[in-house]
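> Pasting the sequence and the predicted coordinates here, then a few questions.
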Amino acid sequence: MNPKRFKGRVVLALLALVGAKGATLLMPWALKEIIDAVDGNLHAVLLVPIALLVLYGGLRFAGVFLGEVRDALFGRVTEHAMRHIGLKVFKHLHALELGFHLNRQTGGISRDIERGTKGLSFLMRFLMFNIVPTLLEIVIVAVIFATLFSPWFALVTLLAVIVYIAFTVNVTQWRNRFIREANQADNNSNSRAVDSLLNYETVKYFNNEQFEASNYDSFLATWEHARLKNRLSLLALNSGQALIIAGAITALMWLGAADVVSGQLTIGELVMINAYMIQLFLPLNFLGFVYREIRRALTDLENMLGLLTRKPTIIDKVGAKPLLLAKGEISFNAVKFYYHNNRPIINDLSFKIAANSKVAIVGASGAGKSTLARLFYRFYDTIAGTITIDGQAINEVTLHSLRQAIAIVPQDTVLFNTTIRENIAYGRPAATDEEIDTAITMAHLTDFINSLEKGDQTLVGERGLKVSGGEKQRIAIARAILKKSPILIFDEATSALDSHSEQAILSAMREVASNHTSIVIAHRLSTITDADNIIVLKHGRLVEQGTHQVLLEKQGEYAHMWQLQQTKLTN
């Protein structure tokens, strides 16, 4: 956000603020002059100076109008600030490592961002245009009281303000913990609701609608209890503030009435005192609300700012240069990785993938196959060892250039809640319609799309729930094709396809993989028999490698896996 961009708006808003406050402070004086004029000649209302009436009406209008002008001018500044901070948090969340996103609660984070941006807007508007001007108005009124009437008027006013502010600050700090509890309960209930709705099918599979409702209700009960404590503490605060204001007004009216009886004040001056008290204590009461809301806004900002203070662990090294692809040769050199210290996933793994070759990685569940793809994509950094592309360590090049060079078809394809075509175009948003159509054809999606009433403009639903698993994977393959990256990763790309579709996709994969370095992570060994090299993992270690025929002849781990799968097919 560039502060100079809105300098003119801020200056004009401040001028409007000064004008509005000046009009507000002059209104009680104009009212006094009108009352005294009427009191001086009870039989001729028409003799009341018309100029004073016009002035009073003009001041009242000016106070409101200039206040609206001020808000309209500064609104653009606050809205841009909200946009700026919202975008900054959004970018920062995408910069955080995969581990953070695997542990995050989407609903809670969205609430934190929403409340945080609103809190920022509140702070900008009210700190600048309400609190400081209100405090200034209090001082000016106190000076007027001391100058025109008696120092006692100013003393009572200032004492009431000091007691009011001290009471508000202390009680608000006390009840701040109740606001935090209510916010946390709100986050928890919202996160649970979002999580349950995202897993709608799982809930239905296990007939757990009532269980989910009961679980959600328990979160809501916690929220309800937290809100009750919040309301009761607010009752104590508002009641105390009202008592202080009532006491101050009573004292000032007592002093004013006594001076009117003794003849020291006119009726007009008493009215002026009353008008100033109303003008003073109404914003003072609002000041209490603003302070409470500021404390709440600061509390709301805590979690959002906490997101910004969290540093990404996977970042570009200082001096990192773009990846320079020559051939596309990949090497894993003594790579070691674990998610937890007592649970190693990859152990001292070394192998090479020749440029423009197709290499398959196989192994039992938990062998570390998909973890290799995450390490190669730098979702995580290795604990030891290096991964290189054409001799360049991937942690020495920029993340953008590394990930630009790789296209992946993930095992669990998640789609955006938009059209089929837009999901495919996500692979390269700048792609032409012809390139998108080519990707659709190569992924064998044409027949499926033509069978739909709205074609490729059909919405896939949230997380792609309106299309089958096989259709989702073909959309993912089309998206990877469109990216046109020199290195391709297929992570169980045909796992959700029937035999007919699988053969069609395998044919497309062979066509796409030509002239590319491709890595195929597979469970079905029948899909990778044509691989140039097959790497067999067991407990994160390389136990054997070779072509399909060579590994069968070895009668080792791969041959055993092959025999098991063939037995299942024949049975």
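Everything's here; your move.

> Val69 is in contact with Ala16, isn't it?
Yes: under the criterion of C-beta atoms under 8 Å, Val69 makes contact with Ala16 at 4.5 Å. Placement of C-beta: from N, CA and C, glycine included.

> More neighbours: those two, which one.
The residue with more neighbours, out of Val69 and Ala16, is Ala16; 21 against 17, by other C-beta atoms under 10 Å.

> Contact partners for the closest residue to that one other than its chain neighbours?
Leaving aside its chain neighbours, Ala16 sits nearest to Arg70 (3.9 Å; criterion: C-beta to C-beta, 6 or more residues apart in numbering). Counting by C-beta atoms under 8 Å, 6 or more residues apart in numbering, Arg70 touches 13, 16-17, 20, 129.

> do the same with Ala20
Taking C-beta under 8 Å, 6+ apart, one finds 62-64, 66-67, 70 in contact with Ala20.

> how much space between the residue most central in space within the chain and Glu293?
Central residue of the chain (C-alpha atoms, centre = their mean): Ile113, 4.2 Å from the mean position. Distance, Ile113 to Glu293, by C-beta to C-beta, to the nearest Å: 18 Å.

> Now stretch 270-282 - C-alpha only, PDB.
Output of stretch 270-282 as PDB, limited to C-alpha atoms (Å, rounded to 0.1, in the frame of the first residue of the first chain):
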ATOM      1  CA  LEU A 270     -28.200  27.000  31.100                       C
ATOM      2  CA  VAL A 271     -29.500  25.500  27.900                       C
ATOM      3  CA  MET A 272     -26.000  25.900  26.400                       C
ATOM      4  CA  ILE A 273     -24.500  24.000  29.300                       C
ATOM      5  CA  ASN A 274     -27.100  21.300  28.900                       C
ATOM      6  CA  ALA A 275     -26.400  21.100  25.100                       C
ATOM      7  CA  TYR A 276     -22.700  20.900  25.700                       C
ATOM      8  CA  MET A 277     -23.200  18.100  28.200                       C
ATOM      9  CA  ILE A 278     -25.200  16.200  25.700                       C
ATOM     10  CA  GLN A 279     -22.700  16.800  23.000                       C
ATOM     11  CA  LEU A 280     -19.900  15.800  25.400                       C
ATOM     12  CA  PHE A 281     -21.200  12.700  27.100                       C
ATOM     13  CA  LEU A 282     -22.800  11.200  24.000                       C
END
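
> and it, which residues are buried?
270-277, 279-281 (16 or more other C-beta atoms under 10 Å).

> do stretch 439-449 as well
439-440, 442-445, 448-449.

> Closest one of the buried residues of stretch 270-282 to Val163?
Phe281 (12.7 Å; C-beta to C-beta).

> and Asn187, how many neighbours does it have?
Neighbour count of Asn187, defined by other C-beta under 10 Å: 21.

> do the same with Asn423
23.

> Distance from the chain centre to the host helix or strand of Phe65, please.
According to DSSP states H and E, Phe65 maps onto helix 50-95. Counting by C-alpha atoms, centre = their mean, to the nearest Å, helix 50-95 is centred 25 Å from the centre of its parent chain.

> Kindly provide the whole-number mean pLDDT of that helix.
Here helix 50-95 scores 78 as its mean pLDDT.

> so how far is Thr388 from Glu329?
8 Å.

> Tell me who's in contact with Ala185.
Counted by C-beta under 8 Å, 6+ apart, Ala185 has contacts 219, 222-223, 225-227.

> Please identify the helix or strand for it.
Here Ala185 is covered by helix 151-198, with elements defined by DSSP H and E.

> Past that helix, which element shows up next along the chain?
helix 200-205.

> will you turn the buried residues of stretch 270-282 into a markdown table that also has secondary structure, distance to Val169 and pLDDT?
Below are the buried residues of stretch 270-282 laid out as a markdown table (DSSP: H, G, I helix; E, B strand; the rest coil; distance: C-beta to C-beta, whole Å; pLDDT from 0 to 100):
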| residue | secondary structure | distance to Val169 | pLDDT |
| --- | --- | --- | --- |
| Leu270 | helix | 33 | 75 |
| Val271 | helix | 33 | 78 |
| Met272 | helix | 31 | 79 |
| Ile273 | helix | 28 | 78 |
| Asn274 | helix | 28 | 75 |
| Ala275 | helix | 28 | 79 |
| Tyr276 | helix | 25 | 78 |
| Met277 | helix | 23 | 74 |
| Gln279 | helix | 23 | 74 |
| Leu280 | helix | 19 | 72 |
| Phe281 | helix | 18 | 69 |
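
> Looking at those residues, which one is closest to Glu79?
Relative to Glu79, the closest of the buried residues of stretch 270-282 is Gln279; by C-beta to C-beta it sits at 29.7 Å.

> where along the stretch 351-500 of the chain do the helices fall?
According to DSSP state H, counting those that start in this stretch, the stretch 351-500 of the chain carries its helices in the segments 369-376, 399-404, 420-425, 433-442, 446-450, 469-483, 499-513.

> now the fourth one, how far from the chain's geometric center?
I take that to be helix 433-442. 34 Å.

> now swap in the third one and tell me
The chain centre lies 24 Å from the centre of helix 420-425; the measure is C-alpha atoms, centre = their mean.

> Name the residues that touch it?
415-416, 431, 436, 439-440, 445, 449, 452, 455-458, 460, 464, 467, 475, 478-479, 482.

> what about burial for those residues, which qualify?
415, 431, 436, 439-440, 445, 449, 456, 458, 460, 464, 467, 475, 478-479, 482.

> okay, who's weakest in those residues by pLDDT?
Gly464 (61).

> Which stretches in the stretch 201-350 of the chain count as strands?
Along the stretch 201-350 of the chain, counting by DSSP state E, counting those that start in this stretch, strands occupy 330-340, 343-353.

> Save these as a markdown table, and put in distance to Ile162 too.
Shown next, in a markdown table, are the strands of the stretch 201-350 of the chain (distance: least, C-beta to C-beta, whole Å):
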| stretch | distance to Ile162 |
| --- | --- |
| strand 330-340 | 57 |
| strand 343-353 | 61 |
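
> closest one to Arg378 among the ones you listed?
Nearest of the strands of the stretch 201-350 of the chain (C-beta to C-beta): strand 330-340, 11.9 Å.

> Can you spell out which helices and strands pack onto that closest one?
Where contact means 3 or more C-beta pairs under 8 Å, 6 or more residues apart in numbering; DSSP states H and E, strand 330-340 is packed against strand 343-353, helix 369-376, strand 384-389.

> rerun at 6 Å
Other helices and strands packing on strand 330-340, by 3 or more C-beta pairs under 6 Å, 6 or more residues apart in numbering; DSSP states H and E, are strand 343-353, strand 384-389.

> Thanks again, I'm all set now.
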